[in-house]
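*Asks:* dropping the sequence and predicted coords here.
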Protein chains: 2
Amino acid sequence: MADPVLDGLIDALRCLPGVGQKSAQRMAFHLLQHDRAGAVKLAQALQTAVDDIGHCQRCHTFSRQAICDVCLDPDRDPHLLCVVETPADQAALERTGSYKGLYFVLMGRLSPLDGVGARDIGVGALMERVSDGLVEEVILATNFTAEGEATAHVLGEQLKARGLKVTRLARGVPVGSELEYVDLGTIAHAFMDRR
Amino acid sequence: MADPVLDGLIDALRCLPGVGQKSAQRMAFHLLQHDRAGAVKLAQALQTAVDDIGHCQRCHTFSRQAICDVCLDPDRDPHLLCVVETPADQAALERTGSYKGLYFVLMGRLSPLDGVGARDIGVGALMERVSDGLVEEVILATNFTAEGEATAHVLGEQLKARGLKVTRLARGVPVGSELEYVDLGTIAHAFMDRR
């Protein structure tokens, strides 16, 4: 157990979010005992990703090219820009197939308690992005959490000051849900935004 | 998000125990966004560990040499052999500083439901190990779980059949605990093994 190589692996695994000493140890033992092929594959995938993946200069999502495929797509509506927190959020919206505009990925959210301010989530880059003379409406699709709402509020104020139309995804009762089990805040919003 | 390199990383991270699609995605985004140095370090640590770490030929624990340092230590009592499930268990015993014999690490436990049988945990290698003419007492220090107890029982029967003295770590009330909060099974064992 006092092996520096094994200890080094356990230590390195702790760079993963949510992985502490015990989990890292369990992971190291599992890989060495049961899945060495997986460990080699992971090592290569990490190195390749770090070498190849940067950020799209226009929308800030992860991309291997200077401009990502979505931003380059001529079939996308350049007048619409949807702002999301993460690439995972963007992927969720893309899966619906109901949006054909462009994106801006913040790669985070305002979180003063964690020391994440406007600069960290690229607000300046967003303001530059919306000044391309094409964007007319910015759809704020940050999460409906306290931090996501705060981010949307701050961004909305700045975007409106530039004369842009700013919208937010509708809040309401999820499709397929029974009212009895929907939380009060959601029902209250669904009442307010009834149509 | 349809980037094959990014998807490859997310997929590779799923080889880690307890990591599903969502966690893998979160880990990949975290590494690429906030800790590329950590990702490179992890890639190197994985490769080095897979290349360098094998198993000690005598005690089966992870080792970079054919025989590990503990097995080579001339100050260890060769008449005592302590059987543990994992290197982590061995490390826990070593930290106490109260044991000066040698070890055998099963690298697992009998678990018929998971398809882990006697061959998978190296029972044959253990039987060979105890036939060195030096081992007199085998201390079964498998965990006090259902599977650990079953493993100890099976090993104990075979070791006794070879005329070896077989012991098990004492069960009882943990040091520093209040009786009110100790479970019934533990108290019952503490009564039986009172001294």
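*Replies:* Now that the structure is in, tell me what you want to look at. Numbering: from 1, shown residues only, chains lettered A, B, ... in the order given.
*Asks:* how far away is residue A:15 from chain B?
*Replies:* Look at residue A:15 and chain B: by CB to the nearest CB, to the nearest Å, they are 3 Å apart. Placement of C-beta: from N, CA and C, glycine included.
*Asks:* residue A:33 too?
*Replies:* For residue A:33 relative to chain B (CB to the nearest CB), the value is 6 Å.
*Asks:* buried residues, stretch A:96-103. List them.
*Replies:* A:99, A:101-103 (16 or more other CB atoms under 10 Å in any protein chain shown).
*Asks:* quick test: name the residue nearest the centre of chain A.
*Replies:* residue A:86 (0.5 Å; CA atoms, centre = their mean).
*Asks:* spit out the contact partners of that one.
*Replies:* A:105-108, B:29 (CB atoms under 8 Å, 6 or more residues apart in numbering or on different chains).
*Asks:* can you check residue A:170 too?
*Replies:* residue A:193.
*Asks:* on the pLDDT front, check it for me.
*Replies:* pLDDT recorded at residue A:170 is 85.
*Asks:* my read is it is in a helix, agree?
*Replies:* No. Going by DSSP: H, G, I helix; E, B strand; the rest coil, the assignment for residue A:170 is coil, not a helix.
*Asks:* go through the lowest-mean-pLDDT helix or strand in chain A and flag the buried ones.
*Replies:* Least confident element among the helices and strands of chain A, by mean pLDDT, DSSP states H and E: helix A:184-192 (a mean of 83). Of all the residues in helix A:184-192, those buried under the rule 16+ other CB under 10 Å are A:186, A:190.
*Asks:* also stretch A:50-58?
*Replies:* Neighbour counts over stretch A:50-58 (16+ other CB under 10 Å) mark A:50, A:53, A:55-56, A:58 as buried.
*Asks:* same check, this time on stretch A:72-85
*Replies:* So, applying 16+ other CB under 10 Å, buried residues of stretch A:72-85: A:80-85.
*Asks:* and what of stretch A:169-178?
*Replies:* Under the neighbour-count criterion of 16+ other CB under 10 Å, stretch A:169-178 has residue A:172 buried.
*Asks:* pLDDT below threshold where in chain A?
*Replies:* Applying pLDDT under 70 to chain A flags residues A:1-2.
*Asks:* let me know the closest of the contacts of residue A:86 to residue A:120.
*Replies:* residue A:108 (6.0 Å; CB to CB).
*Asks:* assign the spatially closest residue to that closest one that is not a sequence neighbour to helix, strand or coil.
*Replies:* Sequence neighbours aside, residue A:121 is the residue nearest to residue A:108 in space, at 4.4 Å (criterion: CB to CB, 6 or more residues apart in numbering or on different chains). Using three-state DSSP, the structure places residue A:121 in coil.
*Asks:* ok, back up a step: quick one: contacts of the least confident helix or strand of chain A?
*Replies:* With contacts defined as CB under 8 Å, 6+ apart, helix A:184-192 is touched by A:171-174, A:179.
*Asks:* which parts of chain A are strands?
*Replies:* Taking DSSP state E, the strands of chain A run over residues A:54-55, A:62-63, A:77-84, A:101-105, A:137-140, A:165-168.
*Asks:* can you give me how far the second one is from the chain middle?
*Replies:* Mean-position distance between strand A:62-63 and its chain equals 12 Å (CA atoms, centre = their mean, to the nearest Å).
*Asks:* packing partners of it?
*Replies:* Counting contacts by 3 or more CB pairs under 8 Å, 6 or more residues apart in numbering or on different chains; DSSP states H and E, strand A:62-63 packs against strand A:54-55.
*Asks:* okay, now the sheet partners of the strand it packs on, with direction.
*Replies:* If you go by DSSP bridges, strand A:54-55 pairs up with strand A:62-63 (antiparallel).
*Asks:* picking that back up, turn the contacts of helix A:184-192 into a markdown table, including distance to chain B.
*Replies:* Formatted as a markdown table, the contacts of helix A:184-192 follow (distance: CB to the nearest CB, whole Å):
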| residue | distance to chain B |
| --- | --- |
| A:171 | 23 |
| A:172 | 25 |
| A:173 | 24 |
| A:174 | 19 |
| A:179 | 28 |
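*Asks:* farthest pair in these?
*Replies:* Greatest spatial distance in the contacts of helix A:184-192: A:171 and A:179, 15.0 Å, computed using CB to CB.
*Asks:* if we can go back for a sec, what's the closest of the buried residues of stretch A:50-58 to residue A:39?
*Replies:* So of the buried residues of stretch A:50-58, ranked by how close each gets to residue A:39 (CB to CB), first place is residue A:50, at 16.8 Å.
*Asks:* so who does that closest one touch?
*Replies:* B:31-32, B:36, B:39-40, B:43.
*Asks:* circling back to that earlier point, and which of the contacts of residue A:86 is nearest residue A:130?
*Replies:* Residue A:130 lies nearest to residue A:106 out of the contacts of residue A:86, by CB to CB, at 13.1 Å.
*Asks:* quick one, phi/psi of the residue nearest to the closest one when sequence neighbours are not counted?
*Replies:* In this structure, residue A:106 finds its nearest non-sequential neighbour in residue A:121, 4.3 Å apart by CB to CB, 6+ apart. Recorded main-chain torsions at residue A:121 are phi -100, psi 20, according to degrees, to the nearest 10.
*Asks:* re the thing from before, my read: the residue nearest to residue A:108 touches residue A:104, true?
*Replies:* No. Look at residue A:121 against residue A:104 with CB atoms under 8 Å: they stay out of range, at 10.4 Å.
*Asks:* thinking again about what came up before, can you list the buried residues of stretch A:50-58 in CSV and add distance to residue B:20?
*Replies:* Putting the buried residues of stretch A:50-58 into CSV (distance: CB to CB, whole Å) gives the following:
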residue, distance to residue B:20
A:50, 23
A:53, 22
A:55, 26
A:56, 27
A:58, 32
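*Asks:* farthest pair within these?
*Replies:* A:50 and A:58 (22.0 Å).
*Asks:* next one: phi and psi at the residue nearest to the centre of chain A?
*Replies:* Main-chain dihedrals, residue A:86, degrees, to the nearest 10: phi -140, psi 160.
*Asks:* measure it to residue A:28 for me?
*Replies:* Noted for residue A:86: a distance of 28 Å to residue A:28, by CB to CB, to the nearest Å.
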